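Participant: Build the 3D model from these lines:
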Amino acid sequence: MIMGESSTRLFIGVSHGATLSRLQPDFTRLTNLSAQLGPPGYFVFSLAPAIPDVYSEARMFCPALGIAEDPVSGNAHAMLGAYLMHHGLIQTPAQASSEADTIEFTGAQGHHLARPGRVTVALSVAHRQLESVTILGEAVIVFGTTLEF
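Facilitator: Here you go, the predicted structure:
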């Protein structure tokens, strides 16, 4: 399923998180596929993670943007939250039918690159409808730069 404004991510669900460690993407073919389909990113995820204490496990490939593999993508996890709710793959609180509530889950990504990270996604729900998505977690600055125009 293509998710996001302007079709920015193609979501690919796999049955088991162990499958993610065996992926060997052909970045040239993915770049060519992006030119044909539109989305520059491929978010491969599982709701049966191979690592403990998380709800999902994922890998993100964006070779069309010059990023072979993004170690941890908060943007894609936010879209994953909306995707899971839209398809009934995450439990909506019973009380959300009459008042606002929050559903949270944690996703793991980056450990296949030896740069492990976790992203907590908070879905604000009112009357069983998604109101907003918030990404929680900590980030590490890998590099900094200044652009002058």
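Participant: A helix includes T134, no?
Facilitator: No. Under DSSP: H, G, I helix; E, B strand; the rest coil, T134 sits outside any helix and is assigned strand.
Participant: Against A48, how distant is it?
Facilitator: According to C-beta to C-beta, to the nearest Å, T134 stands 25 Å off from A48. The C-beta positions use only the backbone N, C-alpha and C, and glycine is treated the same way.
Participant: Spell out the residue ranges of the helices in this protein.
Facilitator: Ranges of helices in the chain, per DSSP state H, are 18-21, 27-37, 74-86.
Participant: most neighbours per residue, which of these?
Facilitator: Across the helices of the chain, averaging neighbours per residue (mean count of other C-beta atoms under 10 Å) puts helix 74-86 on top, at a mean of 21.
Participant: So which other helices or strands are in contact with it?
Facilitator: Packing contacts for helix 74-86, counted by 3 or more C-beta pairs under 8 Å, 6 or more residues apart in numbering; DSSP states H and E, involve strand 2-3, strand 9-13, strand 41-46, strand 56-62, strand 100-109, strand 117-126, strand 129-136.
Participant: at 6 Å what do you get?
Facilitator: For helix 74-86, the elements it packs on are strand 9-13, strand 117-126, strand 129-136, judged by 3 or more C-beta pairs under 6 Å, 6 or more residues apart in numbering; DSSP states H and E.
Participant: Determine which of those strands approaches D101 most closely.
Facilitator: Smallest distance to D101 across these (C-beta to C-beta): 5.4 Å, for strand 117-126.
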